[in-house]
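Visitor: model the structure of this input:
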Amino acid sequence: MKKLFLILIIGLLALSSCKKDDDIEVENNKVKFVPTDVIVKTRGYYTIDKVFEFINLLNLNVESIRCNAYTSTLPSDSLNYILKYLNAKTYTHDGEQWYVTGYLHYATGVITIFPKLFDINNKDNQADWFHSIDFLHLTEVTDKEVSGNTIYFHVPIGQEKDWVEKFENYAFVEWAELNYIVELNPWP
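Guide: Next up is the predicted model:
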């Protein structure tokens, strides 16, 4: 019993000391973030058509949008066709590691895909995405807790915190944050 109590006390002391270090770092303005980067997560009901309207109004560069999941009503043997079709487009991948992925639900046979869109300030790419949605019988998933689009904006340097505040004032924005740099040290 004494050992358990001792372990609990040591754990609480360790946690409280970590919190103090974080507070000191924030107080000394040593929090680092990538200049120009602001990341915004929209609420699930805010569909991709509205996201495109929003980014077109702002006149900011969008590096990428990680989209909601989409389901397709095409036959269950169409998953590879859908992935090949979408990954052939220049704006659905970065050419290195980010490609459209998906899976076939084992029980229902429903196809689900997870796109990430690049160069999406381009209105031709936006129009092509809508065409792809129609052609592949895709429906945006909007009713899950994790639904929503994550938009990776580039804002003018030095205005990152101001833009976070602006984005947070929109009702359809779930959260907005800087692209923080976290230093990992395995030997504290």
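Visitor: so residue 44 versus residue 68, what's the distance?
Guide: Look at residue 44 and residue 68: by C-beta to C-beta, to the nearest Å, they are 7 Å apart. No exception for glycine: its C-beta is placed from N, CA and C like everyone else's.
Visitor: got any residues that touch both of these two?
Guide: In terms of C-beta atoms under 8 Å, 6 or more residues apart in numbering, residue 44 and residue 68 are both contacted by the residues 141, 142, 147, 148.
Visitor: I figured residue 179 was touching residue 38, is that so?
Guide: Yes: counting by C-beta atoms under 8 Å, residue 38 is a contact partner of residue 179 at 7.3 Å.
Visitor: of the two, who's got more company?
Guide: residue 38 (24 against 16; other C-beta atoms under 10 Å).
Visitor: break this structure into its domains for me.
Guide: Split into domains by automatic domain parsing, the chain comes to 1-29, 30-181.
Visitor: so which of these comes closest to residue 187?
Guide: Smallest distance to residue 187 across the domains of the chain (C-beta to C-beta): 14.9 Å, for domain 1-29.
Visitor: for this protein, name the helix or strand with the lowest mean pLDDT.
Guide: Ranked by mean pLDDT, DSSP states H and E, the helix or strand of the chain with the weakest confidence is helix 2-27, at a mean of 48.
Visitor: stretch 62-79: end-to-end distance?
Guide: Using C-alpha to C-alpha, to the nearest Å, one end of stretch 62-79 lies 28 Å from the other.
Visitor: same question, stretch 164-172
Guide: Using C-alpha to C-alpha, one end of stretch 164-172 lies 14 Å from the other.
Visitor: quick one: it to chain centroid distance?
Guide: Relative to the chain's own centre, stretch 164-172 is displaced by 16 Å; criterion: C-alpha atoms, centre = their mean, to the nearest Å.
Visitor: same thing with stretch 47-55?
Guide: With C-alpha atoms, centre = their mean as the basis, stretch 47-55 stands 15 Å off its chain's centre.
Visitor: let's see it as PDB, backbone CA atoms only.
Guide: Extracted C-alpha coordinates of stretch 47-55, given in PDB (Å, rounded to 0.1, in the frame of the first residue of the first chain):
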ATOM      1  CA  THR A  47     -19.700  20.500 -47.200                       C
ATOM      2  CA  ILE A  48     -17.000  20.700 -49.800                       C
ATOM      3  CA  ASP A  49     -19.000  23.100 -52.000                       C
ATOM      4  CA  LYS A  50     -19.200  25.600 -49.100                       C
ATOM      5  CA  VAL A  51     -15.500  25.100 -48.400                       C
ATOM      6  CA  PHE A  52     -14.700  26.000 -52.000                       C
ATOM      7  CA  GLU A  53     -16.800  29.100 -51.800                       C
ATOM      8  CA  PHE A  54     -15.100  30.100 -48.500                       C
ATOM      9  CA  ILE A  55     -11.600  29.600 -49.800                       C
END
